[in-house]
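In: sequence first, then the predicted structure, then my questions.
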Amino acid sequence: MKENELIPHLFRTEYRKITAVLSKLFGFEHIEMAEDIASDTFLSASEIWGLKGLPENPVAWLYTVAKNKAKNVLKHEHVFNTKIAKQLQQAGAGTDSFEIDLSDQNIHDSQLQMMFAICHSAIPVEAQIGLALRILCGFGINEIADAFLTNKETIGKRLQRAKEKLREENTTIAFPGKAEINKRLETVLKTLYLLFNEGYHSLSHDSTLRKDLCLEAMRLTYLLTENETTNQPPVNALLSLMCFQSSRFEARIDQSGETVLYDDQDTSLWDRELIKKGEYFLNKAAHGDRLSKYHLEAGIAYWHTNKDDTKEKWENILQLYNNLLSLEYSPVAALNRTYVLSKANGKAEAITEAEKLQLDNLHLYHLLLGELYTGIDNHRAIISFEKALTLTNSAADKKIIQKKIGLCRALTNP
Amino acid sequence: MKDFLLVFRSDLSNVPERSPEEMQAITKRWMDWIGSIAAQNKLGDRGNRLFPAGKVLRPDNVVTDGPYTEIKESVGGYSIIKADSLEEAMGLAKGCPILSFGGTVEIREINAM
């Protein structure tokens, strides 16, 4: 790797580790100090490596410099007097023997604990995702703004407010107690799930960025499976879901960046390795007595890894959707369930059910109606598709809908 | 939106023998009906089924084996749905599969304490 590629790469992988370890040491209230030291370390690297060439072991170099900078700052900072000094006294050690632990184990633990600190129900979920991207994934403010289709200032303010709120809550960077861990883990999983979806369904046209979001969500979920306390069935189910979904990443976007619908996807582009991993984690998720929504969604995604139109497939997916909706309603799940109903029980029943959904303000609802009426009542299908067209701003969606209208017109005037 | 309790009753003394396939088909009908209510965002709580065996306590320490001595029908399960009115709740209950097996659905608005 060339030097100009190496630093951004290391920033991605090492910034978050240094930040997590230092934040844990300083306490969450001094998280900015940790971020500053980590940023400063990379600034030094680009200056010094530019002049003297690459060190033999760049990562070790970064850790040493980060440690020294941290020690320097600590000596001059109030935080040292109030927090660290006390710990050192308790340990009976002097300032000189003070060590900053950048071992694999401590990096791993600090990142996990940071995940629990950030995924906190006291702050809005988009702020949780933003902080996770910044602190746990080492994303730049610009990249986060791109992912959320907003500007730098908005993201900067959002992250600032979130940190202040977490300070007010006296957030600590530590594992929650045994009694609390399941509830907290639920919040963490929800954030990771949304982070993944942000990448998977984002309107951003930067497909590299979108993929990166998904990969980061998977990496963080994987971290949870590596720890004994957090390696729980819903975590494995979520990771399984992410593997199945991302197996279609290459197939669902064509060369010009347009979305390719499931039915039109080239299955040879599906990533078999990821599908296998998804099956592996789904098996690992299959114990315990709690069926989480991630289990059900992973099950649905599993059946989608086989494109054959079998009765068994659609019946299984329908029952998974019935269970999913009983657990938690969402308009998208309701629409998907109705589509699957048409495959499992026939279009007539699905049309009756669709009319009951009361989701008239969603373009996806009219798209579904159009889909169901196609071949049964093409005139109504066209009306529905046209309604869908008026309700979406996405150019990609419009293109797909227009194509469907064209097909319907061809059916009515052969 | 108000909450309504659905109480499912059927005649347990007269349950025909069913093959596993028939049982599966019946479960599917229940799940499709519950799924339909849930897809309309009108499911409060899927509820549960009840085992047939039970005891009924009566005044003066009288214990009987379930309520079947006087009536043939007994409660087999319950669900909670959300609706604006009793009429709407009845509309949702109409699809309940138990009705096609001679059972009944009682619909009662929940008077929250």
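Out: That came in fine, so what should we check first? Numbers count the residues shown, from 1 in each chain, chains lettered A, B, ... in the order given.

In: which strand or helix spans residue B:108?
Out: Assigned by DSSP states H and E, residue B:108 belongs to strand B:104-109.

In: oh sorry, the question was meant for residue A:368
Out: helix A:363-373.

In: try residue A:8
Out: helix A:3-26.

In: do you know the pLDDT at whichever residue of chain B sits closest to chain A?
Out: Closest residue of chain B to chain A, C-beta to the nearest C-beta: residue B:35 (3.1 Å). C-betas here are computed from N, CA, C, even on glycine. You'll see residue B:35 listed with a pLDDT of 98.

In: could I get the contacting residues of whatever residue of chain A ends up closest to chain B?
Out: Residue of chain A nearest chain B, by C-beta to the nearest C-beta: residue A:322 (3.1 Å). Taking C-beta atoms under 8 Å, 6 or more residues apart in numbering or on different chains, we find residue A:322 in contact with A:337, B:31-32, B:34-35, B:38.

In: and the worst-scoring helix or strand of chain B on mean pLDDT, how far from the chain's centre?
Out: Taking mean pLDDT, DSSP states H and E as the measure, chain B has strand B:62-64 as its least confident helix or strand, at a mean of 85. Its chain's average C-alpha position is 24 Å from that of strand B:62-64, according to C-alpha atoms, centre = their mean, to the nearest Å.

In: now stretch A:144-160
Out: 16 Å.

In: what residues does it touch?
Out: So stretch A:144-160 is contacted by A:126-127, A:130-131, A:133-134, A:139, A:141-142, A:198-199, A:202-204, A:206, A:209-210, A:213 (C-beta under 8 Å, 6+ apart).

In: wait, is residue B:95 part of a strand?
Out: No: applying DSSP: H, G, I helix; E, B strand; the rest coil, one finds residue B:95 to be coil, outside a strand.

In: that one - how many residues pack around it?
Out: 16 (other C-beta atoms under 10 Å in any protein chain shown).

In: residues contacting the closest residue to it other than its chain neighbours?
Out: The shortest distance from residue B:95 to any non-neighbouring residue, by C-beta to C-beta, 6 or more residues apart in numbering or on different chains, is to residue B:33 (4.9 Å). Residues near residue B:33 by C-beta under 8 Å, 6+ apart: B:95-97.

In: what about residue B:33, helix or strand, and which?
Out: helix B:20-39.

In: chain center to that helix, what's the gap?
Out: 13 Å.

In: pull out the buried positions in it.
Out: Buried residues in helix B:20-39, defined by neighbour count with 16 or more other C-beta atoms under 10 Å in any protein chain shown: B:28-39.

In: what helices or strands is the least confident helix or strand of chain B leaning on?
Out: Applying 3 or more C-beta pairs under 8 Å, 6 or more residues apart in numbering or on different chains; DSSP states H and E, we find strand B:62-64 packed against strand B:56-58.

In: show me what the strand it packs on is packed against.
Out: Counting contacts by 3+ C-beta pairs under 8 Å, 6+ apart, strand B:56-58 is packed against strand B:62-64.

In: what are the buried residues along whichever helix or strand residue A:156 is part of?
Out: If you go by DSSP H and E, residue A:156 is part of helix A:152-168. Neighbour-count burial for helix A:152-168, with 16+ other C-beta under 10 Å as criterion, is recorded at A:155, A:158-159, A:162-163, A:166.

In: and stretch A:266-286, by the same measure?
Out: Neighbour counts over stretch A:266-286 (16+ other C-beta under 10 Å) mark A:270-271, A:274-275, A:277-279, A:281-282, A:284-285 as buried.

In: got it, and stretch A:199-212?
Out: Applying a neighbour-count criterion of 16+ other C-beta under 10 Å, the buried positions in stretch A:199-212 are A:199-200, A:202, A:209-212.

In: contacts for the strand holding residue B:108, please.
Out: Residues outside strand B:104-109 that contact it (C-beta under 8 Å, 6+ apart) are B:2-10, B:73, B:86, B:89-90, B:93, B:96, B:98-99.

In: quick one: it to chain centroid distance?
Out: The mean C-alpha position of strand B:104-109 is separated from the chain mean by 8 Å, C-alpha atoms, centre = their mean.

In: mind listing the strands that strand pairs with, and their directions?
Out: Next to strand B:104-109 in the sheet, as set by DSSP bridges, lie strand B:2-11 (antiparallel).

In: what mean pLDDT does the strand it pairs with have?
Out: pLDDT averaged over strand B:2-11 gives 94.

In: now do it: distance to the chain's middle.
Out: Mean C-alpha position of strand B:2-11 versus that of the full chain (C-alpha atoms, centre = their mean) differs by 5 Å.

In: now it: buried residues?
Out: Counting neighbours by 16+ other C-beta under 10 Å, strand B:2-11 gives B:2-6, B:8-11 as buried.

In: need the residues that contact it.
Out: B:44, B:47, B:72-86, B:89, B:93, B:96, B:98, B:101-110, B:112.

In: quote the end-to-end distance of stretch B:52-62.
Out: This stretch, stretch B:52-62, spans 20 Å end to end (C-alpha to C-alpha, to the nearest Å).

In: would you mark the buried spots in that stretch?
Out: Buried, per 16+ other C-beta under 10 Å, within stretch B:52-62: nothing.

In: give me the contact list for that stretch.
Out: So stretch B:52-62 is contacted by B:12, B:63-67, B:74, B:76 (C-beta under 8 Å, 6+ apart).

In: whichever of the contacts of strand B:2-11 end up buried, select them in ChimeraX.
Out: Selection of buried members from the contacts of strand B:2-11 for ChimeraX, criterion 16+ other C-beta under 10 Å:
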select /B:44,47,73,74,75,76,77,78,79,81,82,83,89,93,96,98,103,105,107
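
In: need the contacts of residue B:33 in a markdown table with distance to residue A:347, can you?
Out: Below are the contacts of residue B:33 laid out as a markdown table (distance: C-beta to C-beta, whole Å):
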| residue | distance to residue A:347 |
| --- | --- |
| B:95 | 18 |
| B:96 | 23 |
| B:97 | 21 |
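
In: so the residue of chain B most remote from its centre: helix, strand or coil?
Out: Centroid-distance maximum for chain B: residue B:60 at 30.1 Å, with C-alpha atoms, centre = their mean. The three-state label given to residue B:60 by three-state DSSP is coil.

In: which phi and psi does it have?
Out: Dihedral pair for residue B:60: phi 60, psi 40, per degrees, to the nearest 10.

In: confidence score at it?
Out: 90.

In: so residue B:79 belongs to a helix, correct?
Out: No: read with three-state DSSP, residue B:79 is strand and lies in no helix.

In: who are the contact partners of the residue lying closest to it once chain neighbours are set aside?
Out: In space, and not counting its chain neighbours, residue B:79 is closest to residue B:47: 3.7 Å by C-beta to C-beta, 6+ apart. Residue B:47 makes contact with B:6, B:77-80, according to C-beta under 8 Å, 6+ apart.

In: mind running it again at 10 Å?
Out: Residues in contact with residue B:47 (C-beta atoms under 10 Å, 6 or more residues apart in numbering or on different chains) are A:326, B:5-8, B:34, B:77-81.

In: now residue A:233: how far from residue A:321?
Out: 20 Å (C-beta to C-beta, to the nearest Å).

In: ditto for residue A:152
Out: 40 Å.

In: for the stretch 201-350 of chain A, which residues score under the pLDDT cut-off?
Out: A:203-205 (pLDDT under 70).

In: sweet, I'm off.
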